[in-house]
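> Task: produce atomic coordinates for the following.
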Amino acid sequence: MPPVSPPAKKPKISTKTIPYTPEKPTQPGPTYKPTPKQLLATITTEDIPSVQLRKPAERATSLLRIGGMPLFPLARRDWTGEVQVKLPRDVLTKDWPPQGWKDMTPDTRKLNWEFIAFQYEQVSNNTTVPSRAGLLDKYNMFALPGTSPHNKIKDLSRTIMKNRYYMYENLRLIATEGIKPDLSTTFMLDMLEKASASRDKTTDHICHVLDKAGIPLRLDS
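Numbers count the residues shown, from 1 in each chain. Purely as a prediction, here's the structure:
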């Protein structure tokens, strides 16, 4: 008979306890801090036209044409001509400017401005009602030349109104080339154009009617 091979030896199982060695904590990497331009790049909107090859004055004028409330009001219009515009929507005042406005006192012109602004705010179905100063800023295109200024209005929105005024004045100077554009000017225009996606657009239909009627912007001081 052939010899029988011995049975295979079972592997020995070690009973020794392997000590636990905790992993060394990894050092945290550098904190990512995006630059302002990188932050702006994350905001997208289809409402912003291409700014390529556009001068700062053109960009500022485009912003003032439709406004950026509540950051800054839209530009006033030049009502010194003889054109009277048929106003859109169902408001009591059908035409603008009102008949005989050149013979009105500055305060009466302001009352007419407030009245037409109040009418449009009523039919706009807005849930929030702006302050008196905010209402005039929102409907700034109806301000007649020689109107009593509303910067004397004293209410809780005084600081907000001043901020709007300074932003508007800065854009007006850029549009009229009253200041020399620099890097900060370009950056400001970039931000405002990006922010235009969230602006109040309830007055756009009025602006389109005024543009169609040929009422120019009034960008004097």
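> just the helices in the chain please.
Ranges of helices within the chain are 36-41, 56-66, 106-123, 132-138, 158-175, 183-195, 204-212, based on DSSP state H.
> any idea which of those is most buried?
helix 132-138 (a mean of 21; mean count of other CB atoms under 10 Å). Heads up, the C-betas are built off the backbone N, CA and C, glycines and all.
> Who are the contact partners of the closest residue in space to Pro97 that isn't next to it in sequence?
Using CB to CB, 6 or more residues apart in numbering and skipping the chain neighbours, the partner closest in space to Pro97 is Trp79 (4.9 Å). Trp79 makes contacts with 96-97, 101, 144-145, 215, 218, as judged by CB atoms under 8 Å, 6 or more residues apart in numbering.
> Closest one to Met188 out of these, please.
Arg218 (22.3 Å; CB to CB).
> Near that closest one, how many other residues are there?
15 (other CB atoms under 10 Å).
> Identify the bridge partners of it.
Residues in a beta bridge with Arg218, per DSSP bridges, are Arg76.
> Give me the below-cutoff pLDDT ranges for this protein.
1-53, 151-157, 221 (pLDDT under 70).
> Go again with 80.
Scanning the chain for pLDDT under 80 picks out the ranges 1-53, 125-130, 150-158, 221.
> Can you convert the contacts of Trp79 into TSV and add a column each for distance to Leu183?
Converted to TSV, those look like this (distance: CB to CB, whole Å):
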residue	distance to Leu183
Trp96	40
Pro97	41
Trp101	43
Leu144	38
Pro145	36
Ile215	34
Arg218	29
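> out of the residues you listed, which are buried?
96-97, 101, 144-145, 215 (16 or more other CB atoms under 10 Å).
> Distance to Thr127 for these - can I get that in CSV?
Converted to CSV, the buried ones among the contacts of Trp79 look like this (distance: CB to CB, whole Å):
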residue, distance to Thr127
Trp96, 26
Pro97, 30
Trp101, 32
Leu144, 30
Pro145, 34
Ile215, 30
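> Which of those fall within strands?
Members of the buried ones among the contacts of Trp79 lying in strands (criterion: DSSP state E): Trp96.
> Next, count neighbours for Tyr139.
Neighbours of Tyr139 (other CB under 10 Å): 24.
> Repeat that for Asp78.
Neighbour tally, Asp78, other CB under 10 Å: 14.
> for it, what are its contacts?
Going by CB under 8 Å, 6+ apart, the list of residues near Asp78 reads 145, 215-218.
> and what of Gln119?
Here Gln119 is in contact with 91-93 (CB under 8 Å, 6+ apart).
> Neighbour count and distance to Ser131 added to these, as a markdown table?
Shown next, in a markdown table, are those (neighbours: other CB atoms under 10 Å; distance: CB to CB, whole Å):
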| residue | neighbour count | distance to Ser131 |
| --- | --- | --- |
| Val91 | 15 | 21 |
| Leu92 | 11 | 22 |
| Thr93 | 14 | 21 |
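> and of those, the nearest to Ser196?
Val91 (25.8 Å).
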